[in-house]
Every structure is written in structure tokens, then in C-alpha cells.
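> sequence first, then the predicted structure, then my questions.
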Amino acid sequence: MSEAKPDTPDYPERFRALRSQIEHHLSEIAPNASGAAPRLRKSISYSLLDGGKRLRPLVAVLTAEALGGRVDAAMDAACAIEMVHTASLVIDDLPCMDDAEQRRGKRTNHLVHGEDIAILGAISMISDAFGVIGKSKDIAAQIKVDLIASLADAIGLDGLCAGQERDLRDITHSVDAESLKQLQYQKTGALFVLCLETGARIAGLEPQDLEPLRSFGSHAGLGFQILDDLLDAVGDTRITGKDHGNDLGKHTYAAIMTVDEAEARADRELNDALAALEPAGIDSQPFAAFLDLVLQAYHTQIDRSPPATMSAGG
């Protein structure tokens, strides 16, 4: 850890600008209120366009930019990933899942629009996400095919759905850190890895050159999930804008470690994420700044003093 150098770019300002572009693009690809299936349209807009940290699309476009690609070329795929993430939250909040009442500072989708519309809206968002990538005019044909296949993997039996199933009905009762690591990769890491792959492919990297970025995404996703587990255990709904205590009885890092131990594990994962970029000679400054953003958000939400700025050197 070290203080940022005087000549370090103003990444917080850059992140604000990128988030503004992401919000604008999401508003462009979201369904209009008028037209067929108006209830579905309102349900999708309710969850997709109002709130959220936008970490996934942010790291996707940040990766493209850091590797010399065009931000606008990455925007369709980045927002498609955010659509899938938002759909997963709508599903996660349902009574048959976590039965949550708040998400992103307001009532959950199913409480406002009904369970039936919430489910159909989530399915529509996932379906439309594939369409957004497939119809993009800024992504080469083969890269579209690869990204669509990777997105399918991140959602299905090796990704979000498998992780959610294990989270709800894990019958192994295994509570060791390594088994949790696999679970959390499916729930969070797979989509984070896809964000890095997306930005890198659009910037021109070939599949065989993606491993350092995949490793970054895997470590960063796990670190983020550990912090999210802690927020569920010790956070305040008035600050975080979502329910807490939903993970009680589940296998999480907050359940098998003290707060200090879990924070130390998260910090180690974030440092390992940066270290993964070194062999590839990738400038880690923008990625270190992104991880600082994640850490600052966590410490703000639990009212604990944040750590020193992460060093781009590890």
C-alpha cells in the first residue's frame, strides 16, 4: 500500500464520466414505457435504470480503455452484462429465494410490480442482453460469438444459476474457505471475469492472452463478494439500500471468519488481483484505482476507516 503519486490521473473523475456514459447507454437500450407489454417495460426500467454501483460495466469499459480500445465500442457488451446482473438481483430478491424487501434504496421489484411480472422482466432482461451484443455495430462478428458464448457460461450451470442453487440448497454443509471460494466464483467471480474478458477482447486481445485479466477478475470478484458478505452481516440498510441478514444460516465468509479476518482475506484477494497483471506488463494503475473504489464504497457503508490507497505495484 502507498499514497497515490502526484502525477496519477484523476481516476475518480474518470470513473464518474464513464458511469455517466453507462447510465446514458442503459437508458438508450432499455425499453420505452410505451408499446407492447407495458407492465414488463415498467418493471425492467424500475430495476435497470434507477440505482446500482455499475461496477461490472465500469470495469469492462475501463479494461477496454486501459488496453487501448474504444470505450464506445465496449459499451454495448458492458451494459449487456449489467442487464444480466440486474436480472439476477430481481430473481435473488424473490420470496422463493431471499425474500428481500429493499434493493438499491427502494422496494424490490416483485413488491412493486408483482412476482409474475418481476420474473418475466428478469427473463426479458437476460434475453435482451444477448440481443444487445448480437446487434451491436461496434463489435466484430467473431468477438460477438465468443462473448455470447462466455455470457451463457457465466449465467448457467457453471455460473450464476449454479452458484445460487448451491447457496440456497448446499447439502454438503462444507464451510471451509476453499469450498466457499468455488461457490462465490460462480455467484460473483464468473461475471467479473467476463467483464475483464469483454473489455480485453474489444481492445483487440486474443483469447490466449486473457489469462492475467481472468485472474484479476477472479480475485477481484472474490474480494468483492467477501466484502458484500460482510455488509449483509454488519451493514445498515439505511446506508446500503438493501436488506441485511439474508445470509443468516448460509455459507459465507462472514459466517466462518471474524470481521477482521474476512476483511484481511478480501484485502489479500484484491492485492492478488493486481499482482496477476504484472506478468502481462499491463498498467495496473487504473485497475488499482477501481479496487480503491470498491474498498472505499465498502468502508463508507459500514462506517469504518478505509485503508490506505492500493498500490499499482501490488
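Noted; the coordinates are in hand. For clarity, every value in this text was computed on a predicted model and none was experimentally measured. Numbering: from 1, shown residues only.
> so which residue is dead centre in the chain?
Nearest to the mean C-alpha position of the chain, counting by C-alpha atoms, centre = their mean, stands Arg56 at 4.0 Å.
> could you find the closest non-adjacent residue to Thr63?
Excluding the flanking residues, the one nearest Thr63 by C-beta to C-beta, 6 or more residues apart in numbering is Gly199, at 2.8 Å. All C-beta spots, glycine's among them, are computed from the backbone N, C-alpha and C.
> you'd agree that neighbour is up against Leu58?
No. Contact criterion C-beta atoms under 8 Å: Gly199 and Leu58 do not qualify, at 10.1 Å.
> now the stretch 101-250 of the chain, which segments are flagged as low pLDDT?
For the stretch 101-250 of the chain, the stretches with pLDDT under 70 are 170-177, 234-250.
> and the helices in the stretch 151-300 of the chain?
Using DSSP state H, counting those that start in this stretch, the helices assigned to the stretch 151-300 of the chain run over residues 160-169, 177-184, 190-202, 211-234, 237-240, 253-256, 259-277, 285-302.
> ditto for the stretch 1-150 of the chain
11-29, 38-48, 55-66, 71-92, 109-113, 115-135, 141-155.
> could I get the fifth one in CSV with only the CA atoms?
Read that as helix 109-113. What follows is helix 109-113, C-alpha atoms only, in CSV (Å, rounded to 0.1, in the frame of the first residue of the first chain):
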residue,chain,number,x,y,z
ASN,A,109,-39.2,-5.3,-8.0
HIS,A,110,-41.7,-8.1,-7.1
LEU,A,111,-43.2,-6.0,-4.3
VAL,A,112,-43.9,-3.1,-6.7
HIS,A,113,-44.8,-5.0,-9.9
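> name the surrounding residues that touch it.
By C-beta atoms under 8 Å, 6 or more residues apart in numbering, the surrounding residues in contact with helix 109-113 are 39, 42-43, 46-47, 90, 93-95, 101, 103, 117-119, 121-122.
> try 6 Å this time
For helix 109-113, contacts defined as C-beta atoms under 6 Å, 6 or more residues apart in numbering pick out Ser43, Ser47, Val90, Leu94, Ala118.
> still on that earlier bit, list the contacts of the residue nearest to the centre of the chain.
Ile81, Glu82, His85, Cys195 are the contacts of Arg56 under C-beta under 6 Å, 6+ apart.
> one more pass at 10 Å, please.
Taking C-beta atoms under 10 Å, 6 or more residues apart in numbering, we find Arg56 in contact with 22, 78-79, 81-82, 84-86, 188, 191-192, 194-195, 198, 221, 224.
> pick the one among these closest to Gly159.
Leu191 (7.2 Å; C-beta to C-beta).
> quick check, the closest one in contact with Leu89.
No. Applying C-beta atoms under 10 Å as the test, Leu191 and Leu89 come out as separate, 11.7 Å apart.
> and those two? which has more neighbours close in?
Taking other C-beta atoms under 10 Å, Leu191 and Leu89 do not tie; Leu191 has more neighbours (24 against 18).
> the nearest residue to the more buried one once chain neighbours are set aside: how many residues sit nearby?
Using C-beta to C-beta, 6+ apart and skipping residues adjacent in sequence, the residue nearest Leu191 is Ala154, 5.2 Å away. Applying other C-beta under 10 Å, we find 23 residues neighbouring Ala154.
> over to Gly156?
12.
> go on, Leu147?
Per other C-beta under 10 Å, the neighbour tally for Leu147 reads 24.
> what of Leu48?
For Leu48, the neighbour count with other C-beta under 10 Å is 25.
> tell me the contacts of it?
Leu48 makes contacts with 26-27, 29-31, 79, 82-83, 85-87, 90, 109, 121, 125, 128, as judged by C-beta under 10 Å, 6+ apart.
> ok, it to Pro212 distance?
Distance, Leu48 to Pro212, by C-beta to C-beta, to the nearest Å: 31 Å.
> ok, back up a step: looking at the contacts of helix 109-113, which is nearest Phe15?
Nearest to Phe15 among these is Ser47, at 22.4 Å by C-beta to C-beta.
> right, and that closest one touches Gly105 too?
No. Shown here, Ser47 and Gly105 do not form a contact pair, counting by C-beta under 10 Å, at 12.0 Å.
> higher neighbour count, these two?
Neighbours of Ser47 and Gly105, each counted by other C-beta under 10 Å, are more numerous for Ser47; the result is 27 against 14.
> quick check: the more buried one vs Ala122, distance?
Plainly put, Ser47 is 8 Å away from Ala122 if you go by C-beta to C-beta.
> give me the neighbour count for Thr258.
Thr258 has 9 neighbours, counted by other C-beta under 10 Å.
> what's near enough to touch Pro207?
Neighbours of Pro207 in contact, by C-beta under 10 Å, 6+ apart: Ile143, Asp146, Ser150, Glu197, Ala200, Arg201.
> of these, which is the most crowded?
That'd be Arg201 among those, by other C-beta under 10 Å, with 28 neighbours.
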